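Undergrad: Quick one: sequence and predicted model below, then my questions.
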Amino acid sequence: MTDPSDPLAGEPAAPLTRREAEELRRAADAQRPHDAQRAHDAQPAHYAQRAHDPHEPALQAHLRAARSELESQVERARADFEVANERIKERTGRDLIVATLIGLAIGAVLIASLLFVKWAFIGFALGAALLAVFEFSRALIVSGRRVDVVPQLIATTVVVVSAYFVDPWSLWLLLFVALAFVVVWRLVAQMAAHDGRAYDAVLGDVLIASLLQLYVAFLGSLCVVLLSQDRGEYWVLSFIIVAVAADTGAYVAGITMGKHPMAPRISPKKTWEGFAGAAAAAILAGVIAGIFLLGITWWMGVVFGILILVTATIGDLGESMIKRDLGIKDMSSWLPGHGGVLDRLDSILLSVVAALGLYYLFTPLVAS
């Protein structure tokens, strides 16, 4: 439709001259490449990329397929391992991966302190003893006992550190002083409380205060006494290796073959099959450590392994009985996969008595 208000609407256009037509044609020819470029630029980027990209090489396709297959296999292996780890965790209550990593880290620090800087093991032993006393004290307090944590830590520090510098008789004297210190502190604190606590409960608190020093501080100090002897660092390392080997052998044999409970009322998960695995591992480790680290004969290594096995088992069962009496599974959760520090020291603390006794027995025999 035309606009009726336009005065020129409906009138024919004037014809163009030849010169005007020629100028219009030239202008159209000059504009055509610009329009084509704008149309090309307006196309989507992936069209242009698809037009210029070559076909994917066959080698690259094979590599991509191989990588996908490898990733799939790794994922399946990880899934299978996680299933196996969950089964082990369900049966033992421990995370195998975390427990192994933490055990390797502690073992590396232990070996480095013993073989490279002998006196540095004193700090390692003191730290372990203090943590064990602290977590044991907290467990006793939760169960309703009165335990003075700070005096216990002070007495433990004095007994453990002095064991490296004093003679055995002086160590006995210091132990007596430490016992008197924690007992008197508990009695004075009880008198100051005025809470009407029963006599048998107070007596139990006094006995537990003494137990902490005898069980953790004194046995830990004997380890430092063994360290202070000639080549004592090798004896400390050897008896710890045997104790750890026994624990590992019991763990593996109990997981794979354990059927007959060893002490169901004390520790239901310990089996006779696990004890057999612990015995085999302890004797083997005792012979190897005895020959290559201690310089003793093979039969001495057998005796060494058997005695450490017995003391480690008794120590483990003893601590399990204490935890069952307190109604707890672990002393703490400071070591994931292991429980508490005392849960790792239970088999070592009592074994140091056997190791120290064998040192005094075997060293003169080997020297002669």
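TA: Received, thanks.

Undergrad: where in the stretch 51-200 of the chain is pLDDT low?
TA: Screening the stretch 51-200 of the chain residue by residue with the criterion pLDDT under 70, one finds the ranges 51-56, 80-82, 84-96.

Undergrad: Surely S351 and T313 touch.
TA: No - contact status for S351 versus T313: not in contact, 9.6 Å apart, counting by CB atoms under 8 Å. In short, each C-beta sits where N, CA and C put it, glycine included.

Undergrad: between these two, who's got more neighbours?
TA: In this view S351 and T313 are compared by other CB atoms under 10 Å, and S351 has more residues nearby, 27 against 24.

Undergrad: In which helix or strand does the more buried one reside?
TA: Secondary-structure assignment from DSSP states H and E places S351 in helix 341-367.

Undergrad: Give me the mean pLDDT for that helix.
TA: Throughout helix 341-367, pLDDT has a mean value of 92.

Undergrad: quick check, M331 in a strand?
TA: No - the assignment for M331, made by DSSP: H, G, I helix; E, B strand; the rest coil, is coil rather than a strand.

Undergrad: count of residues packed around it?
TA: 26.

Undergrad: From R138, how far off is it?
TA: Computed with CB to CB, to the nearest Å, the distance linking M331 and R138 is 8 Å.

Undergrad: same deal with L219?
TA: In this view, L219 and R138 are 20 Å apart by CB to CB.

Undergrad: Those two: who's more crowded?
TA: Set side by side, L219 and R138 show unequal neighbour counts under other CB under 10 Å, the larger going to L219 at 20 against 15.

Undergrad: which element is the more buried one on?
TA: Secondary structure from DSSP H and E places L219 in helix 219-227.

Undergrad: Toward the C-terminus from that helix, list the very next helix or strand.
TA: Scanning forward in sequence from helix 219-227, with DSSP H and E defining helices and strands, the next element found is helix 232-257.

Undergrad: which strands and helices sit next to that following helix?
TA: Taking 3 or more CB pairs under 8 Å, 6 or more residues apart in numbering; DSSP states H and E as contact, the helices and strands that helix 232-257 lies on are helix 58-92, helix 96-115, helix 219-227, strand 267-271, helix 272-289, helix 298-326, helix 341-367.
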